[in-house]
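Student: what follows is a predicted structure for the sequence shown.
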Amino acid sequence: MTTATAPRTRPAPTPARPQRRSRAVPTPSAVARTAFLVVAAALTLGPVIWTVSTSLRSPAESFTLPPQLIPTDPDLTPYIQVFSQINMGLLTLNSALVTGLIAVGQMITAALAGYAFARLEFRGRSVWFSLVLATMMVPVQVTIVPVFMIIRGLGLSDTLLALILPAIPTAFGTFLMRQYFLGLPVELGEAASIDGAGPWRTFASIYAPLALPGLAIIGILAFNFHWNEFFRPLILTISEQNFTLPLGLVSLQGNMGTGSISVVLAGVVLSMIPALVVFLFGQRPLREGLTAGVSK
Amino acid sequence: MSAAALPTARAGVDRGAGPRTQGPPWRRRLVVLTFLAPTIIGIGIFTLGPIIASILLAFFRWDIITAPEFVGLSNFADIVTDPTVRVSFTNTLVFVVVAVTLQIAVSLALAVLIAQRMPTWARTFFRSVFFFPLILSAASVSIIMRYLFNEEFGVVNWLLSLVGIGGVPWLTSPTASAVVIVLVYVWQQFGFTFLLFVGGLASIPTEVYEASAIDGATGWRQLRSITLPLLSPTMLVACVMAVISALQIFDQPYVLTRGGPGDATRTAVMVIYESAFRQLEFGRASAIGVVLMLLIMGVTALQFRLSRRFVFYQ
């Protein structure tokens, strides 16, 4: 790579390879750099493509080598069998309920608290806010034992609520929404209060609608995190009827051994589809949200 | 709401804080309370309370069934004296160093490469591809990788056999399985630091490059003398976030190896899980959790200390 960057002027075109456009002649180093990117992309996509293609092979012949990246003669039996091997419908429903309710709950509570910290006046506001912020870095593994006890004490052991309730209060979401509300003009609220609107009215009709993009970030991040979550469901759910998708799929793999892997992979592919949809429509908010806590 | 339509004298002093809650004090307090209660009570019950409980529990021996017994620092001593706990901590620290180094190197290289001149569609394509693994569940990824790294039937060993390398026991040898955990983790996580670096690179003004080009700097020289110093704030944040996330590794070793062979891939969080929910050693699980939290706080504090000394801000 150093050879190409040595000449001080624009690198001379390599005569060996004729190009369509003379302006953008790739130097050997540019070729090497692009090759590196292509290899990295192939290593990233390879396992995903293999998964989709293997999930489309008949269970009996799913472990053949060399691997086939493009499924010739696709077979949908794995997708039928996965529903008979595990209760795929119930797992999906559980995951959807848990993820959906956490996302909605986080959006509502974070909007309310974020608004209070940004726009309402009360004694000890900064103290309360620091207290909330202080919990942002605490990993779930640290609190899981007492949370498990509290859930038991509330009589919620082995229910979906055990997964939902503790995940709703969100320090990160509150922080994000406070920043968002601070960025909206104060004058809107002042005008509303001169017109006689109370604090609830000002929040609900003026500020909350303007904060929807911020809420979307919280919702998408909550979806991405809790749809894929493994640690808490592993601990807080016991019976299979309360499993979420990641837990159900791992136990399916355990039950099948190295048997018909295409059935397991069919389940994996199905569980990816909602995440993929969110990825396609929410890539930008997701990207912004993931890096939001650190860039400002 | 019926009380004062106009701002009261007291509330009208400080402009910029936004609309005042109106009405008598009890009413204002009630409004604030309803806005804050769900979050404050929720965080109190499910985060702040549990942190305090964890810290207290760390000094007790408790199996839920019998009464807790005060044992002083013995749970913390386990981290040094108990072979399994000790090795899980060593494993975790080695994992953090190796995985974070690899993750930062790969994601930085790719972020620099994607910044070169290329069609917009190509840049969007690469960026989406590298981002993609982040949306998958670590459990699903580990399920897939367990097949790919299978010793007899796995694609990885098949590819290696093409270049003459014979069956590597990926998931049954202590060293190889640790390597697999690192690879699987980095495969899924590098997209995050990649995004941070792409953002950091975009914030470096092009004039700096133009000026240095006039002075004759090219390629490597620009990378070393301009890109990396100006990227140092992003680098610091990326390292800290990557370390915090790596310290919590659980899903991959749980699904791929269950901590084995032996204790070769057992991590600190795996021991939290096993202590509490397999051996009913809730005190020990809490102690390990508290140490993990202190490690994370330490890394975060170090970030601020270091940022004053090493990071170059424009």
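Tutor: Here it is on my side, so go on.
Student: for B:Ala139, give its distance to chain A.
Tutor: Remark: distance between B:Ala139 and chain A (CB to the nearest CB, to the nearest Å) = 4 Å. Placement of C-beta: from N, CA and C, glycine included.
Student: whichever helix or strand that residue is part of: how far from the chain's middle?
Tutor: Assigned by DSSP states H and E, B:Ala139 falls within helix B:138-148. Relative to the centre of its chain, helix B:138-148 is centred 20 Å away, using CA atoms, centre = their mean, to the nearest Å.
Student: next, the nearest residue to A:Thr64 once chain neighbours are set aside: secondary structure please.
Tutor: Closest residue in space to A:Thr64, ignoring its immediate chain neighbours: A:Arg57 at 7.8 Å, by CB to CB, 6 or more residues apart in numbering or on different chains. For A:Arg57, the secondary-structure state derived from DSSP: H, G, I helix; E, B strand; the rest coil is coil.
Student: and A:Arg57, how many neighbours does it have?
Tutor: Counted with other CB atoms under 10 Å in any protein chain shown, residues neighbouring A:Arg57 total 24.
Student: wait, it touches A:Pro71, no?
Tutor: Yes: the criterion here is CB atoms under 8 Å, and A:Arg57 meets it with A:Pro71 at 6.6 Å.
Student: could you list every residue that touches A:Thr156?
Tutor: Thr isn't right for residue A:156; it's Leu. By CB atoms under 8 Å, 6 or more residues apart in numbering or on different chains, A:Leu156 lies in contact with A:Ala162, A:Leu165.
Student: state the distance from it to chain B.
Tutor: 12 Å.
Student: remind me which residues of the stretch 51-200 of chain A are low pLDDT?
Tutor: Scanning the stretch 51-200 of chain A for pLDDT under 70 picks out the ranges A:62-63.
Student: burial count for whatever residue of the stretch 151-300 of chain B ends up closest to chain A?
Tutor: Nearest residue of the stretch 151-300 of chain B to chain A, counting by CB to the nearest CB: B:Gly219, 3.0 Å away. For B:Gly219, the neighbour count with other CB under 10 Å is 13.
Student: which pLDDT value goes with it?
Tutor: According to the prediction, B:Gly219 has pLDDT 74.
Student: before we move on, back to that, mind giving me the packing neighbours of the helix holding B:Ala139?
Tutor: helix A:28-54, helix A:245-256, helix A:261-295, helix B:155-162, helix B:174-202, helix B:251-256 (3 or more CB pairs under 8 Å, 6 or more residues apart in numbering or on different chains; DSSP states H and E).
Student: swap the cut-off to 10 Å and go again
Tutor: Applying 3 or more CB pairs under 10 Å, 6 or more residues apart in numbering or on different chains; DSSP states H and E, we find helix B:138-148 packed against helix A:28-54, helix A:231-236, helix A:245-256, helix A:261-295, helix B:155-162, helix B:174-202, helix B:251-256.
Student: who are the contact partners of the residue nearest to A:Thr64?
Tutor: Neighbouring residues of A:Arg57 by CB atoms under 10 Å, 6 or more residues apart in numbering or on different chains: A:63-64, A:68, A:71-75, A:77-78, A:260-262, A:265-266.
Student: hmm, which two among those residues are most spread apart?
Tutor: Pairwise distances across those peak at 18.7 Å for A:Thr72 and A:Ser260 (criterion: CB to CB).
Student: compare these two (neighbour count), which wins?
Tutor: Just comparing A:Thr72 and A:Ser260: by other CB under 10 Å the higher neighbour count belongs to A:Ser260, 22 against 8.
Student: give me the spatial nearest neighbour of B:Trp170, chain neighbours excluded.
Tutor: Using CB to CB, 6+ apart, the closest residue to B:Trp170 is B:Phe149 (4.0 Å).
Student: make sure the one you found is actually in contact with B:Val168.
Tutor: Yes: the criterion here is CB atoms under 10 Å, and B:Phe149 meets it with B:Val168 at 8.5 Å.
Student: between the two, which one's more packed in?
Tutor: A count of neighbours by other CB under 10 Å puts B:Phe149 above the other of B:Phe149 and B:Val168, at 22 against 18.
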